[in-house]
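**Q** quick check, what structure comes out for this input:
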Amino acid sequence: MSGDVLLAIDTATTRVVVGLGRPDGTLIDATEWPAGYRHGETLLPAIDELLTRNATDRSRLAAVVVGTGPGAFTGLRVGLATAKGLAHGLATPIIGISTGEALLRDMPPASVLLLPAGPSDRLLVRRGRPATIVAAGSEPDLEPDETVVAVDLPDRAPADDVARGEAARGGLAAALVAAGVERLGKGDVDDLATLVPEYVTLPRGVSRESGEVAWSHDRP
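**A** So this is what the prediction gives:
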């Protein structure tokens, strides 16, 4: 690899996470902050601040690792666009990592992830399996040994589940770096043109089509 650090970016949850890691998979430094609706204003300056704090130039990036969700539409669009812009401009590989898988990476084997899916529904994520919607008013259909890790559900999940979610999010930067290094070592990198996020919900007038999204006025 031409560089000696990896940049990890995740904008899938209500907190933006940016981290730097070494080629051996260890985390150098990370920062996070409440996303609000200002991803576009805060993400690049935060990346530059993190690089400056660690005396690291963009030219040293061996790869850009980006969380692909599941997550909300606006945050994921900004995160993916920023990661793609950096990877393209620096001619460096980009690696998309499922945010759900990264959040579960260091959790006990029987852990499952619970995320918000709009104002009422929730999303259940298991390792290596498609996510499923938990409709409003219902509870997740759990297997006997499963433990819930709830992220961004402070008022919609038990306190212990929420606490596990906060612990998982605290390790997200490290998990993204480790997963990215594993992929990079195998030469398993993504194509800038085909890497797309996994949206939990889409805004009005937007629909899914073959992994992409399309505005309703663009559809036949």
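
**Q** grab the nearest non-local neighbour of the spatially most central residue of the chain.
**A** Central residue of the chain (CA atoms, centre = their mean): Gly67, 2.8 Å from the mean position. Of all residues not flanking Gly67 in the chain, Asp10 sits nearest, at 3.3 Å (CB to CB, 6 or more residues apart in numbering). Any C-beta I mention is one placed from the backbone N, CA and C, and that applies to glycine too.

**Q** the residue nearest to the centre of the chain pairs with what?
**A** Note on Gly67: beta-bridge partners Ile97, judged by DSSP bridges.

**Q** contacting residues for it?
**A** Gly67 makes contacts with 8-12, 17, 79, 96-99, 102, 172, 176, as judged by CB atoms under 8 Å, 6 or more residues apart in numbering.

**Q** please save the CA atoms from whichever strand or helix holds Gly89 in PDB.
**A** Gly89 is part of helix 73-90, with elements assigned from DSSP states H and E. This file holds the C-alpha atoms of helix 73-90, laid out as PDB (Å, rounded to 0.1, in the frame of the first residue of the first chain):
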ATOM      1  CA  PHE A  73     -30.700   9.100   4.100                       C
ATOM      2  CA  THR A  74     -29.100  12.500   4.600                       C
ATOM      3  CA  GLY A  75     -26.200  11.400   6.800                       C
ATOM      4  CA  LEU A  76     -25.300   8.400   4.600                       C
ATOM      5  CA  ARG A  77     -25.400  10.400   1.400                       C
ATOM      6  CA  VAL A  78     -23.000  13.000   2.800                       C
ATOM      7  CA  GLY A  79     -20.700  10.400   4.300                       C
ATOM      8  CA  LEU A  80     -20.500   8.300   1.200                       C
ATOM      9  CA  ALA A  81     -20.000  11.400  -1.100                       C
ATOM     10  CA  THR A  82     -17.200  12.700   1.100                       C
ATOM     11  CA  ALA A  83     -15.500   9.300   1.300                       C
ATOM     12  CA  LYS A  84     -15.800   8.900  -2.500                       C
ATOM     13  CA  GLY A  85     -14.500  12.400  -3.100                       C
ATOM     14  CA  LEU A  86     -11.400  11.800  -1.000                       C
ATOM     15  CA  ALA A  87     -10.700   8.400  -2.500                       C
ATOM     16  CA  HIS A  88     -11.100   9.700  -6.000                       C
ATOM     17  CA  GLY A  89      -9.000  12.900  -5.400                       C
ATOM     18  CA  LEU A  90      -6.200  10.900  -3.700                       C
END
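
**Q** alright, calling it a day.
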